[in-house]
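Undergrad: predicted structure and sequence below. I'll ask about it afterward.
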Amino acid sequence: MNRLKKILRGLLLAPVALFLLFEEWGWEPLAAAFAALGRLPWWSRLERFITGLPPWAALLAFGVPVVALIPVKLLALYLFGEGHITIGLGLILAAKLAGTAMAARLFQLTQPALMRMAWFARLYTPWKAWKDKIIAQARASWPWRMARRLKTRVKLAGTRLLAALKAVFS
């Protein structure tokens, strides 16, 4: 029975872990890309404004853009249903990347204000601990370790190939 529980738990948590890993992988680089816009004077002013919002307004600033992407995702589902798989998939991927980038940067800007709301801090703290635990388990898994080794080998082979090509064409 315990073995069956472990198998079912693994099957149920696998898609969750994949989602969390995508979010984790994309969160920092996409937030950094969005933060690069902060070099623009008007964008910098907007970010300072968002950072200065009171908690309730910070919640709106963080939540509204994320919710605003729902119609885009519904349009993608409609396109799937109409047989436009490629366009629908492209739209879903674009919405996911844009949404993750926007949510990541907005969360960086609004987190201090959001954490001043007791209910948010009460929900966020265990969520973050649970998420970090799931990600650690995924990274400790055999498929993850094998994928990391493969990535390292491919990267090394690419570096060697590039060096060899430079030597030949230099």
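TA: Ah, there it is. Numbering: from 1, shown residues only.

Undergrad: from K5, how far out is the closest residue to M115 other than its chain neighbours?
TA: Distances taken as C-beta to C-beta, 6 or more residues apart in numbering put A121 closest to M115, at 4.9 Å, once the chain neighbours are dropped. The C-beta positions use only the backbone N, C-alpha and C, and glycine is treated the same way. Taken as C-beta to C-beta, to the nearest Å, the spacing of A121 relative to K5 amounts to 32 Å.

Undergrad: all the helices of this protein, residue numbers only.
TA: Taking DSSP state H as the criterion, the chain carries its helices at 2-36, 41-51, 55-68, 70-81, 85-114, 118-140, 142-169.

Undergrad: okay if I get these as JSON lines plus mean neighbour count?
TA: As requested, the helices of the chain are exported to JSON lines (neighbours: other C-beta atoms under 10 Å):
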{"stretch": "helix 2-36", "mean neighbour count": "13"}
{"stretch": "helix 41-51", "mean neighbour count": "13"}
{"stretch": "helix 55-68", "mean neighbour count": "15"}
{"stretch": "helix 70-81", "mean neighbour count": "14"}
{"stretch": "helix 85-114", "mean neighbour count": "17"}
{"stretch": "helix 118-140", "mean neighbour count": "12"}
{"stretch": "helix 142-169", "mean neighbour count": "10"}
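
Undergrad: how about CSV for those helices, with mean pLDDT added?
TA: Formatted as CSV, these follow (pLDDT from 0 to 100):
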stretch, mean pLDDT
helix 2-36, 70
helix 41-51, 89
helix 55-68, 88
helix 70-81, 88
helix 85-114, 87
helix 118-140, 87
helix 142-169, 87
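
Undergrad: contacts for stretch 38-48 next, please.
TA: Counting by C-beta atoms under 8 Å, 6 or more residues apart in numbering, stretch 38-48 makes contact with L37, L109, all of which sit outside it.

Undergrad: how about that stretch as CSV, C-alpha atoms only?
TA: Once side chains and other backbone atoms are set aside, the C-alpha atoms of stretch 38-48 remain, and they are given as CSV (Å, rounded to 0.1, in the frame of the first residue of the first chain):
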residue,chain,number,x,y,z
GLY,A,38,14.0,50.1,-15.9
ARG,A,39,16.8,51.9,-17.8
LEU,A,40,14.1,53.7,-19.7
PRO,A,41,13.2,56.9,-17.8
TRP,A,42,9.4,56.5,-18.1
TRP,A,43,9.6,52.8,-17.1
SER,A,44,11.8,53.6,-14.1
ARG,A,45,9.2,56.1,-12.9
LEU,A,46,6.5,53.5,-13.4
GLU,A,47,8.4,51.0,-11.3
ARG,A,48,9.1,53.5,-8.6
